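S.K.: based on what follows, work out the 3D shape:
(2 chains)
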Protein chains: 2
Amino acid sequence: MNLILLQPHELPSGHHGPVILDDQRARHITQVIRPSVGDRLRVGLVDGAMGLATVTQCIDPQRVELEVTLATLNTPPPAPLPVTLLLALPRPKVLRRVLQTCTAMGIKQIYLINSYRVDKSYWQTPLLSDESVHTQLLAGLEQARDTILPRVHLRSRFKPFVEDELPQLAENKLCLTAHPADTATPCPTAVRQQTLLAIGPEGGFITYEVDKLAQAGFEAITLGPRILKVETAIAALISRLF
Amino acid sequence: MNLILLQPHELPSGHHGPVILDDQRARHITQVIRPSVGDRLRVGLVDGAMGLATVTQCIDPQRVELEVTLATLNTPPPAPLPVTLLLALPRPKVLRRVLQTCTAMGIKQIYLINSYRVDKSYWQTPLLSDESVHTQLLAGLEQARDTILPRVHLRSRFKPFVEDELPQLAENKLCLTAHPADTATPCPTAVRQQTLLAIGPEGGFITYEVDKLAQAGFEAITLGPRILKVETAIAALISRLF
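M.R.: Numbers count the residues shown, from 1 in each chain, chains lettered A, B, ... in the order given. Okay, the predicted model is just below:
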């Protein structure tokens, strides 16, 4: 937690009085950061600015009081990346980490899509609930020191998504499919354009899917012969592209 | 497991007869890959070449027989990256994944070093045993389809390492410290030179350590204002550098 995220409604009305934290943020502050009264902590307003808050009380591990004024929230969050991610829904076991990694890297639009190699059961995981997804996104923002929540869209049918929704989404964007095939072109670098990046499941997109994406204007790109876990691939692709 | 790794001593003497697998590789083959007799699987010889092996028997989940000939092991592993990693020893909880990620990315020399923010207890973890490290390195190779085992060196004292060993290690290398500070220069790309890359612990290297590295010729580089988990940072840095 490199940033304490505050919800706008947690700010005191009229901006007077302390912000009171009594959840896992309070525990993190008292047990990990362990500040003294008067110390300043990095805070950010969800979907807003960042700045420093002064610790006014932190005796009880269940309760921390911070002084936050709108004037001290004077730093904009890092710039979002010009990318929309189309990601084959990962296994529940890795979904949480993947969502955190996407968020930490600065991706703001995430479509979790179906693919032949996405097990149907994955769509049933409680980790896809709004609340669970929200928790992971917050964790990614807290890690990276960002405040802008990504939007996560669930698309559990591949063909309707690609045929009906993708054309509009792809308009005026550079469209890339990460596909470690010999025929793929090397992953470009220093991309400035709005980009739509498709990443397949473990085992990769099947040929039908790569072809459907190609028909929609997607070029296959590769990072080389190494097969990376989806979480590693996301970091490696994003870092190389932008 | 995108590659079945074989130890050289597992090849039949005189290169006649099957290779018999009766460990977790056999279970992976029978339960995940589920081939038929006659199917071919990607195999690689640890520290050697890769190729296709023919499944000659796989009825019992505890026992798979493969036909592997030296003639079919005709593909070299992916090229190693020209990088030596100096990595502040991560928390045990993430150490396994970090070692796998380093290996999957193609790093072949890993120095796990001490740092002020590395808790002393981390050096006591059984995950640093030769056997445990070896297991993670194999997992990284199996993931990435590589065969060349990285070398992992443990250096539990920062100052002696930097003063006594680093000068020779740094000779003729581009030396970089990943350090997300405003004063750091942006991470370079398309590096062809042999590189020594230092990555700090959670919370970063302390100023003393950054200065010691700077005295040894290390330039501070940054990926930008986002603070990444070490595992994500490794993938992002390596992918951008090479």
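S.K.: chain A: helices as residue ranges?
M.R.: Using DSSP state H, the helices of chain A run over A:24-28, A:92-105, A:130-144, A:158-160, A:166-170, A:207-215, A:230-241.
S.K.: need the winner for burial among these.
M.R.: Of the helices of chain A, the one with the most neighbours on average (mean count of other Cβ atoms under 10 Å in any protein chain shown) is helix A:230-241, at a mean of 25. C-beta coordinates here come from the backbone N, C-alpha and C atoms, glycine included.
S.K.: wait, does it contact chain B?
M.R.: Yes. Residues of helix A:230-241 contacting chain B under Cβ under 8 Å from any Cβ of the partner chain: A:231-232, A:235-240.
S.K.: ok, A:Leu86 touching A:Ala198?
M.R.: Yes. Between A:Leu86 and A:Ala198 there is a contact under Cβ atoms under 8 Å: 4.2 Å.
S.K.: next, show the common contact partners of these two.
M.R.: A:Ile113 (Cβ atoms under 8 Å, 6 or more residues apart in numbering or on different chains).
S.K.: so how far is B:Ile20 from the residue nearest to the spatial centre of chain A?
M.R.: Compute the mean C-alpha point of chain A, and by Cα atoms, centre = their mean the closest residue is A:Thr103, 1.9 Å away. The spacing between A:Thr103 and B:Ile20, counted by Cβ to Cβ, to the nearest Å, is 46 Å.
S.K.: what does chain A have sitting close to chain B?
M.R.: Within chain A, the residues that sit near chain B (Cβ under 8 Å from any Cβ) are A:2, A:78, A:101, A:104-106, A:143-146, A:189-190, A:223-229, A:231-232, A:235-240.
S.K.: so who does A:Thr189 touch?
M.R.: By Cβ under 8 Å, 6+ apart, the contact set of A:Thr189 is A:240-241, B:189-190.
S.K.: now do the same for it: its pLDDT.
M.R.: You'll see A:Thr189 listed with a pLDDT of 94.
S.K.: likewise A:Asp182?
M.R.: 82.
S.K.: and for it, the neighbour number?
M.R.: Neighbours of A:Asp182 under the rule other Cβ atoms under 10 Å in any protein chain shown: 6.
S.K.: enumerate every residue touching it.
M.R.: Here A:Asp182 is in contact with no residue (Cβ under 8 Å, 6+ apart).
S.K.: for the one 4 residues further on, same thing?
M.R.: When the contact criterion is Cβ under 8 Å, 6+ apart, the partners of A:Pro186 are A:221-224.
S.K.: among these, which ones are in strands?
M.R.: Those of the contacts of A:Pro186 mapping onto strands are A:221-222, per DSSP state E.
S.K.: give me the domain ranges for chain A.
M.R.: When chain A is parsed with automatic domain parsing, its domains come out as A:4-67, A:83-241.
S.K.: before we move on, back to that, out of the contacts of A:Pro186, which one sits closest to A:Ile29?
M.R.: Closest approach between these and A:Ile29, by Cβ to Cβ: A:Leu223, at 38.8 Å.
S.K.: and the gap between that closest one and A:Leu237?
M.R.: Distance, A:Leu223 to A:Leu237, by Cβ to Cβ: 7 Å.
S.K.: overlap in contacts of these two?
M.R.: By Cβ under 8 Å, 6+ apart, the residues touching both A:Leu223 and A:Leu237 are A:178, A:187, B:239.
S.K.: closest one to A:Thr125 out of those, please.
M.R.: A:Ala178 (23.3 Å).
S.K.: list the contacts for the closest one?
M.R.: Counted by Cβ under 8 Å, 6+ apart, A:Ala178 has contacts A:187, A:197-200, A:220-223, A:233, A:237.
S.K.: so which of these is the most crowded?
M.R.: Among these, the one with the most neighbours (other Cβ under 10 Å) is A:Ala198, at 27 neighbours.
S.K.: do I have it right that it meets A:Thr177?
M.R.: Yes. The criterion here is Cβ under 8 Å, and A:Ala198 meets it with A:Thr177 at 4.5 Å.
S.K.: quickly list what's touching both of the two.
M.R.: Joint contacts of A:Ala198 and A:Thr177 (Cβ under 8 Å, 6+ apart) are A:205, A:213, A:218.
S.K.: could you dump the residues you listed into a markdown table with pLDDT and distance to A:Val64 added?
M.R.: Below are these laid out as a markdown table (pLDDT from 0 to 100; distance: Cβ to Cβ, whole Å):
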| residue | pLDDT | distance to A:Val64 |
| --- | --- | --- |
| A:Phe205 | 96 | 47 |
| A:Leu213 | 97 | 48 |
| A:Phe218 | 97 | 48 |
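S.K.: between those, which is nearest chain B?
M.R.: Chain B has its nearest neighbour among these in A:Phe205, at 15.3 Å by Cβ to the nearest Cβ.
S.K.: give me the nearest residue to that closest one, chain neighbours excluded.
M.R.: Nearest residue to A:Phe205, sequence neighbours excluded (Cβ to Cβ, 6 or more residues apart in numbering or on different chains): A:Ser115, at 5.9 Å.
S.K.: neighbours around that neighbour, how many?
M.R.: A:Ser115 sits with 21 neighbouring residues when counted by other Cβ under 10 Å.
S.K.: right, and A:Met1 touches A:Arg27 too?
M.R.: No. Contact criterion Cβ under 8 Å: A:Met1 and A:Arg27 do not qualify, at 10.1 Å.
S.K.: what is the lengthiest strand in chain A packed up against?
M.R.: Identified as the longest strand of chain A according to DSSP E is strand A:50-57. In terms of contacts (3 or more Cβ pairs under 8 Å, 6 or more residues apart in numbering or on different chains; DSSP states H and E), strand A:50-57 is packed against strand A:40-45, strand A:64-67.
S.K.: list the contacts for the residue nearest to the centre of chain A?
M.R.: Per Cβ under 8 Å, 6+ apart, neighbours of A:Thr103: A:136-137, A:139-141, A:143-144, A:146, A:150.
S.K.: so how far is A:Leu154 from it?
M.R.: Applying Cβ to Cβ, the value for A:Thr103 to A:Leu154 is 16 Å.
S.K.: ok, now how distant is the residue lying closest to A:Pro78 once chain neighbours are set aside from A:Thr222?
M.R.: In space, and not counting its chain neighbours, A:Pro78 is closest to B:Pro225: 4.6 Å by Cβ to Cβ, 6+ apart. The gap separating B:Pro225 from A:Thr222 is 29 Å, by Cβ to Cβ.
S.K.: repeat that for A:Thr147.
M.R.: A:Thr147 is 34 Å from A:Thr222, by Cβ to Cβ.
S.K.: could you do A:Leu149 as well?
M.R.: 31 Å.
S.K.: shouldn't A:Ala49 be in contact with A:Pro76?
M.R.: Yes. A:Ala49 is in contact with A:Pro76 according to Cβ under 8 Å; the separation is 6.0 Å.
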